[in-house]
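Colleague: model the structure of this input:
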Amino acid sequence: MDSMAAADRAAWETAGKKAGAAPRNSAKTSKGDTTMTMDTDQVWLRARARLRAAVGEDIFTSWFARLELEEVVGDLAHLSVPTRFLCSWIQSNYVEKILEAFRHEDESIGRLHVTVRVTGQARPRLVSSADPVVEADAAAPVLEARPSPALAAVQPSGGLRADALSGSALDRKLTFDSFVAGGANEMALGVARQVASAAANNVVTFNPVYIHSSVGLGKTHLLNAIAWAAGASDTARNIVYLTADHFMYHFITAVKSQSALAFKEWLRRIDLLLIDDMQFLQGKSATEFGHTLSSLISGTKQVVVAGDAPPRDLEMLDDRVRSRLSGGLVIPIAPFDADLRRAIVHKRAAQAASRFTGLNFPDPVIDFVARSIVSHGRDLDGAVNRLVAANQLTGEPITVGLAEKTLQDLMRSRDTARVRIEDILKIVARHYKVPRNELLSARRSRDVVRPRQIAMYLAKALTSRSLPEIGRRFGGRDHTTVLHSVRKVEQLMSEDGELTQEIELLRRMLEE
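Modeller: The predicted structure is shown next:
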């Protein structure tokens, strides 16, 4: 660990001595006159379960899945996340909820401290590990550490900050070994394995590879698995995994710091580039991605992209980029059938049973979950996690009755989870005779604004997308604009019966 990290650790130890800190492996809780000692990891496990129940599976997976407890010092819980963006977002939006979940399990915890963690040495040193940054606090200045050997080879001299030379964090659990194959995804899995094997041997296979499916069917899992497998044999190989949001953040940061040329040069030296959530790429960042794509392919470097729609439907990209993506290998992942859903639930249940002594998932429960939750893989993972949490928190055995009680909201949403925002845009544009691109534009005329608001309302009502995600799909709008549109349509529906019937017709058309 570098000197900055050591200094941070020393500061924590000093604070602990002053506060009369509890040991790392214990935390004190009081109920009435009784004081008990509980392992802090167990406190954190229970707090995570409460947090998952409070915010829902989608939000938990997006923002809290990679949140880890580092230590408890006095009344202060120290948590860490892998990226600066995640740290800033959690501090701005979720500190109170996390603290509330902690207090339910340990009343002595009254403060939170969230930092960006330094990647451990046991992890393969891929560029996507985000390890050049050590941050003491989201609001504090960034402390730049010495670049790792993997970064040193591509470190530009143009003044680009070290934290702009890192990718999105990889998830250690998302490997080929943990991926569950079936008829819906076996072709995508086969291509991903071939790409990873070729990249590990410095060979370019199908290029570019574009994987597309609706949400939660395994695109991110495959991209992570490719990165881990391709980097396993040579940790100096320059592999970068980036979400579209992260790509845009890096590009905008580079432009603001007048180091765009250095950023572009860094991108062009990548051996394997993996871009996730392509549908969220907007504006000049999309143009820059097009240049990067052409440069890497021309330089015989492997590119793998994932999105929720085929390349032809990515209208924020220009025709040349869409053509380039379509000209590679385009692989769809179909919705899961019953056999694949059951295989996923069975594997996740077996993984949970290996971590918790005495945990048992009976076959009828596995069958019930696979039959009842038909939306996507993340909901299946979330269902297993909820049942584990319910068992560990209450001691109640895992039964079909417990599943019915615990998974009600997931089962209610199963019928609407198949609707895509792209489908909503097409139906609304056709119904109101408004060009689809006008719904995404900045035009404020009444004949465009009202259909746009209705489309946003339907996106909120019929999909599992968050408000920020919906805003990005509607031309990069802010989540407050989406919320205003939803409330406006709800108000108009309460006053206008004809509009209510019209929207109900659109809803039926989308759900057919």
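
Colleague: how close does the residue nearest the centre of the chain sit to Val215?
Modeller: In the chain, the centroid-proximal residue (Cα atoms, centre = their mean) is Ser62; its distance is 4.3 Å. Look at Ser62 and Val215: by Cβ to Cβ, to the nearest Å, they are 11 Å apart. Every C-beta, even on glycine, is put in place using the N, C-alpha and C of the backbone.

Colleague: low-confidence stretches in the stretch 401-512 of the chain?
Modeller: Applying pLDDT under 70 to the stretch 401-512 of the chain picks out residues 412-418, 512.

Colleague: about what we covered before: which element follows the one helix or strand the residue nearest to the centre of the chain maps to toward the C-terminus?
Modeller: Taking DSSP states H and E as the definition, one finds Ser62 inside helix 57-63. Next along the chain after helix 57-63, taking DSSP H and E as the criterion, comes strand 68-73.

Colleague: can you give me the buried ones in that following strand?
Modeller: Neighbour counts over strand 68-73 (16 or more other Cβ atoms under 10 Å) mark Leu69, Glu70, Glu71, Val72, Val73 as buried.

Colleague: partners of that strand, with directions?
Modeller: Here strand 68-73 has these sheet partners by DSSP bridges: strand 76-81 (antiparallel).

Colleague: average model confidence for the next helix or strand after the partner strand?
Modeller: Remark: after strand 76-81, the chain's next helix or strand is helix 84-93, criterion DSSP H and E. For helix 84-93, mean pLDDT rounds to 74.

Colleague: check stretch 232-249 too.
Modeller: Stretch 232-249 carries an average pLDDT of 77.

Colleague: domain assignment for this protein?
Modeller: Using automatic domain parsing, the domain parsing of the chain gives 3-117, 149-332, 338-415, 421-511.

Colleague: please identify the deepest-packed of those domains.
Modeller: Neighbour counts averaged per stretch over the domains of the chain are highest for domain 149-332, at a mean of 19; criterion: mean count of other Cβ atoms under 10 Å.

Colleague: just the terminal-to-terminal distance for stretch 471-484.
Modeller: Terminal residues of stretch 471-484 are spaced 11 Å apart (Cα to Cα, to the nearest Å).

Colleague: okay, strands next: where are they in the stretch 201-350 of the chain?
Modeller: 209-212, 239-243, 272-276, 302-307, 329-332 (DSSP state E, counting those that start in this stretch).

Colleague: correction: the previous question concerned the stretch 1-150 of the chain.
Modeller: Using DSSP E, counting those that start in this stretch, strands in the stretch 1-150 of the chain cover 27-31, 34-38, 68-73, 76-81, 111-116, 133-134, 143-144.

Colleague: how far away is the residue nearest to Gly110 when sequence neighbours are not counted from Arg50?
Modeller: Closest residue to Gly110 apart from its sequence neighbours, by Cβ to Cβ, 6 or more residues apart in numbering: Asp75 at 4.3 Å. Using Cβ to Cβ, we find Asp75 at a distance of 19 Å from Arg50.

Colleague: and for Tyr432?
Modeller: The gap separating Tyr432 from Arg50 is 44 Å, by Cβ to Cβ.

Colleague: what mean pLDDT does stretch 65-75 have?
Modeller: The average of the pLDDT scores along stretch 65-75 is 83.

Colleague: distance between the ends of that stretch?
Modeller: Stretch 65-75: ends 23 Å apart by Cα to Cα.

Colleague: where's Ile90 relative to Asp277, distance?
Modeller: Going from Ile90 to Asp277 by Cβ to Cβ gives 19 Å.

Colleague: likewise Glu288?
Modeller: 16 Å.

Colleague: residues in contact with stretch 400-413?
Modeller: Here stretch 400-413 makes contact (Cβ atoms under 8 Å, 6 or more residues apart in numbering) with 56-57, 364-365, 368-369, 372-373, 375, 379, 382-383, 386-387, 390-391, 396, 464.

Colleague: ok, Arg371 touching Phe336?
Modeller: No - using Cβ atoms under 8 Å, Arg371 makes no contact with Phe336, being 12.0 Å away.

Colleague: how far is the host helix or strand of Glu498 from where the chain is centred?
Modeller: Remark: Glu498 resides in helix 497-511, with elements defined by DSSP H and E. Relative to the chain's own centre, helix 497-511 is displaced by 32 Å; criterion: Cα atoms, centre = their mean, to the nearest Å.

Colleague: CA atoms of that helix as PDB?
Modeller: Taking Å, rounded to 0.1, in the frame of the first residue of the first chain, the C-alpha atoms of helix 497-511 are listed here in PDB:
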ATOM      1  CA  GLY A 497     -61.400  10.700 -18.700                       C
ATOM      2  CA  GLU A 498     -60.700  10.600 -22.500                       C
ATOM      3  CA  LEU A 499     -57.000  11.000 -21.900                       C
ATOM      4  CA  THR A 500     -57.100   8.200 -19.300                       C
ATOM      5  CA  GLN A 501     -58.700   5.900 -21.900                       C
ATOM      6  CA  GLU A 502     -56.200   6.900 -24.500                       C
ATOM      7  CA  ILE A 503     -53.200   6.100 -22.300                       C
ATOM      8  CA  GLU A 504     -54.900   2.800 -21.200                       C
ATOM      9  CA  LEU A 505     -55.100   1.900 -24.900                       C
ATOM     10  CA  LEU A 506     -51.400   2.600 -25.300                       C
ATOM     11  CA  ARG A 507     -50.600   0.500 -22.300                       C
ATOM     12  CA  ARG A 508     -52.600  -2.400 -23.700                       C
ATOM     13  CA  MET A 509     -50.800  -2.100 -27.100                       C
ATOM     14  CA  LEU A 510     -47.400  -2.200 -25.300                       C
ATOM     15  CA  GLU A 511     -48.300  -5.200 -23.100                       C
END
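
Colleague: show me what it packs onto, helices and strands only.
Modeller: Helices and strands touching helix 497-511, by 3 or more Cβ pairs under 8 Å, 6 or more residues apart in numbering; DSSP states H and E, are helix 421-432, helix 446-462, helix 479-495.

Colleague: if I look at the closest residue to Ala254 other than its chain neighbours, how far off is Ala169?
Modeller: Among residues not flanking Ala254 along the chain, Phe263 sits closest, at 3.6 Å (Cβ to Cβ, 6+ apart). Separation of Phe263 from Ala169 (Cβ to Cβ): 19 Å.

Colleague: same question, Arg48
Modeller: According to Cβ to Cβ, Arg48 stands 18 Å off from Ala169.

Colleague: for the residue nearest to Asp58 when sequence neighbours are not counted, helix, strand, or coil?
Modeller: Excluding the flanking residues, the one nearest Asp58 by Cβ to Cβ, 6+ apart is Ser464, at 5.6 Å. The three-state label given to Ser464 by DSSP: H, G, I helix; E, B strand; the rest coil is coil.

Colleague: any idea how far the nearest residue to Gln453 once chain neighbours are set aside is from Thr399?
Modeller: Among residues not flanking Gln453 along the chain, Ser485 sits closest, at 3.9 Å (Cβ to Cβ, 6+ apart). Ser485 sits 43 Å away from Thr399, going by Cβ to Cβ.

Colleague: can you check Ser375 too?
Modeller: Relative to Thr399, Ser375 is positioned 22 Å away (Cβ to Cβ).

Colleague: and for Glu490?
Modeller: Per Cβ to Cβ, Glu490 is found 39 Å from Thr399.

Colleague: picking up where we left off before, could you report the pLDDT at the residue nearest to Ala254?
Modeller: Model confidence at Phe263, given as pLDDT, is 73.

Colleague: repeat that for Ser354.
Modeller: Note on Ser354: pLDDT of 86.

Colleague: can you check the one 4 residues further on too?
Modeller: With respect to pLDDT, Gly358 has a value of 84.

Colleague: next, it: secondary structure please.
Modeller: coil.

Colleague: right, and Ala230 touches Asn202 too?
Modeller: No - with contact defined as Cβ under 8 Å, Ala230 does not count as touching Asn202 (9.9 Å).
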